[in-house]
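A.B. asks: next come a sequence and a model predicted from it.
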Protein chains: 2
Amino acid sequence: MMMRSIRIKTPGTVANLVCGFDILGMALQEPFDELELKRTDQPGIVIHHKDDFGLPEDPLRNIAGVALQALVTERKVEGGFELHIKKNIRPGSGIGSSASSAMAPVFAANQLLDLNLNNEDMIRFAMEGEYVASGSRHADNLAPCLMGGLVLIRETEPLDLVPLDMPDLPVVVVHPQIEVKTAFARSILPKEVPLSQAVRQWANVAGMVTGFLKRDIPLLKRSMQDHIVEPVRSRLIPGYKEVMERCREAGLIGGGISGSGPSMFMFAEDEKGSAAAAAIIREVYDCLGIEYRVYITEINKRGAEAF
Amino acid sequence: MMMRSIRIKTPGTVANLVCGFDILGMALQEPFDELELKRTDQPGIVIHHKDDFGLPEDPLRNIAGVALQALVTERKVEGGFELHIKKNIRPGSGIGSSASSAMAPVFAANQLLDLNLNNEDMIRFAMEGEYVASGSRHADNLAPCLMGGLVLIRETEPLDLVPLDMPDLPVVVVHPQIEVKTAFARSILPKEVPLSQAVRQWANVAGMVTGFLKRDIPLLKRSMQDHIVEPVRSRLIPGYKEVMERCREAGLIGGGISGSGPSMFMFAEDEKGSAAAAAIIREVYDCLGIEYRVYITEINKRGAEAF
């Protein structure tokens, strides 16, 4: 007897991890979205939101609907689906809200229907949903959302996903409640970069990856520098520079912009460090008078899961 | 009673390791240079060559002389030195000949005089010698020449050297006996690179470093791609493309230009693989009628050492 419904959760994610622009993403314990997926005899996809973000319920305009439809069409799935979505990852926050929306129904359907899809296939379907949101097919939020932990997206075409070990570090994420459009954040990136700067960037990528794999905190501290994207995009985020500088001075490991912002994140060595980072964040944003939300969390090593 | 003389050897090195342009270097078991350093009561540096490369014996124009003089001056060393140098690493080969010349007397003097210099200091003195040869101060040959193994030069100013673990892989190096001037090889590099290409490069750097650290051969095979430097510089090396393509087809792991050429190198999984690579190289260069020298060797994990 086939299951009729499943409840799953999908984590928020940090893409563009410091110097790893476009190639490194990481899953967070919090926030996460919840989805209940039900099979129906009636064909078609029906979407219900259990949150108040006002996202479209038309499945052709909804990220989750489009992603699920891509799977249904290619795999010729019969019958229909009802989605009950409770988003906790705020759309536009820069912590992988759309990736979570796209990944959740695909992951849920794979489990519910016993489809045995591999990660690459699931991500390929979810990318169709991401495309609705951003106009581009990228996997640096989707891969960690599905797989958990830290993932290197070495290549997109064809997908080459490399899970990387990393120590269990506390992470502090702050979402200042301002709007940064992904398309605009992308438009201000340089089209070309000086070779000397690119070299510094890949030196830091090599250092950061080594630091994660070897759990070398001093090396992580030295390597967590982004000479290319952060200088341009951080100007869109009030308080960014002050938070980062003060966190560094306070001994935090390092961090950067989450995705294309406006959220930012910071790695700590321990709970004392994450408490210090949160205090700095609160001070800076209270002073600026900008609404914000802080997540004192850690790395999610499991990714999408039934619950 | 202080030692009066010491004999040491310093290994050839591969800089610009595949996609790790300017940041990754590796030491080879062969070829290596030999140096005997003797203390003399008479001040000054006297250089004797036990090879026939016609290198200058004037210590002010000789790489080894300049490097040693930098140490002698800063550390106010009394007396003088006699250097007996037997170079086996051909100047202009692209496998770290000048780095070996610069590193050897500094390493030898440090041991002979019990100076307790750290790696960064020794490399700093040797850089003065490298500067005579190339007009720039870089450490991507010096660091592996001194330390052995694979070294990430994360930053040059100040020096940040990160030794990386790697599996014991056979390496095949071929030196086609043509001349490629380092300055010219540098002049044809693009000053700027498209961001999208830089992203692909640092994705491969991340993959290659992970492949080395985790001994993941399939990942190494996928990641050993250089989209930026190899396309430009490989055109200066007759036979390069054919050797590389045929080695890839034969299942070799991957490789690239050594330094700024003309030598190239290739990683093999085992001795069968290195024999296959050597056979391909011989076929290609015999057919082209270009003189060449092949080294079927492996990674040198010890670096400079007394013997």
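C.D. replies: Looks like it arrived, so ask away.

A.B. asks: checking A:Ala133 next. Helix, strand or coil?
C.D. replies: Recorded secondary structure, A:Ala133: helix (DSSP: H, G, I helix; E, B strand; the rest coil).

A.B. asks: pLDDT at it, what is it?
C.D. replies: The score at A:Ala133 is 79. That number is its pLDDT.

A.B. asks: what's the closest non-adjacent residue to it?
C.D. replies: Excluding the flanking residues, the one nearest A:Ala133 by C-beta to C-beta, 6 or more residues apart in numbering or on different chains is A:Ser98, at 3.8 Å. Every residue, glycine included, has its C-beta placed from N, CA and C.

A.B. asks: just to confirm, which helix or strand has that neighbour in it?
C.D. replies: helix A:97-112 (DSSP states H and E).

A.B. asks: quick check: mean pLDDT of that helix?
C.D. replies: Helix A:97-112 shows a mean pLDDT of 97.

A.B. asks: re the thing from before, report the separation between the residue nearest to A:Ala133 and chain B.
C.D. replies: 21 Å (C-beta to the nearest C-beta, to the nearest Å).

A.B. asks: so that residue touches A:Ala104, yeah?
C.D. replies: No. If you go by C-beta atoms under 8 Å, A:Ser98 and A:Ala104 don't touch, sitting 10.9 Å apart.

A.B. asks: what about the helices in the stretch 101-250 of chain A?
C.D. replies: Counting by DSSP state H, counting those that start in this stretch, the segments of the stretch 101-250 of chain A that form helices are A:119-134, A:142-147, A:182-187, A:195-213, A:217-223, A:230-233, A:240-249.

A.B. asks: now, of those, which is deepest in the fold?
C.D. replies: helix A:142-147 (a mean of 30; mean count of other C-beta atoms under 10 Å in any protein chain shown).

A.B. asks: show me what that one is in contact with.
C.D. replies: A:10-15, A:25-27, A:96, A:99-100, A:102-103, A:107, A:119, A:122-123, A:126-127, A:130, A:150-151, A:153, A:161, A:163, A:303-304 (C-beta atoms under 8 Å, 6 or more residues apart in numbering or on different chains).

A.B. asks: mind checking the SS state of the nearest residue to A:Ala185 once chain neighbours are set aside?
C.D. replies: Nearest non-adjacent residue to A:Ala185, counting by C-beta to C-beta, 6+ apart: A:Ser260, 3.7 Å away. The three-state label given to A:Ser260 by three-state DSSP is coil.

A.B. asks: give the contact list for A:Ser260.
C.D. replies: A:Asn16, A:Gly94, A:Val180, A:Thr182, A:Ala185, A:Arg186, A:Arg233.

A.B. asks: give me the neighbour count for the closest residue to A:Gln177 other than its chain neighbours.
C.D. replies: Take A:Gln177 and drop its neighbours on the chain: the residue closest to it by C-beta to C-beta, 6+ apart is A:Glu291, 4.0 Å away. By other C-beta atoms under 10 Å in any protein chain shown, the residues close to A:Glu291 number 10.

A.B. asks: contact residues of the stretch 51-200 of chain A facing chain B?
C.D. replies: A:152-155, A:160, A:162, A:164, A:189-195, A:198-200 (C-beta under 8 Å from any C-beta of the partner chain).

A.B. asks: in strands, which of the residues you listed appear?
C.D. replies: Using DSSP state E, the members of those that fall in strands are A:Leu152, A:Ile153, A:Arg154, A:Glu155, A:Asp160, A:Val162, A:Leu164, A:Glu192, A:Val193, A:Pro194.

A.B. asks: for the fifth one, give me the pLDDT.
C.D. replies: The reference is to A:Asp160. A:Asp160 is given a pLDDT of 97.

A.B. asks: quick one, what contacts it?
C.D. replies: Neighbours of A:Asp160 in contact, by C-beta under 8 Å, 6+ apart: A:Ile153, A:Arg154, B:Gly207, B:Arg222.

A.B. asks: A:Phe267: which of the residues you listed is nearest?
C.D. replies: Closest to A:Phe267 out of those is A:Ile153 (19.9 Å), distances taken as C-beta to C-beta.

A.B. asks: my guess is that closest one contacts A:Asp140. True?
C.D. replies: Yes. Using C-beta under 8 Å, A:Ile153 is in contact with A:Asp140, at 5.2 Å.

A.B. asks: and the nearest residue to A:Ile188 once chain neighbours are set aside, what is it in contact with?
C.D. replies: Nearest residue to A:Ile188, sequence neighbours excluded (C-beta to C-beta, 6+ apart): A:Val232, at 5.5 Å. By C-beta under 8 Å, 6+ apart, the contact list for A:Val232 reads A:Ile188, A:Leu189, A:Pro190.

A.B. asks: cool, A:Gly54 as well?
C.D. replies: By C-beta under 8 Å, 6+ apart, no residues touch A:Gly54.
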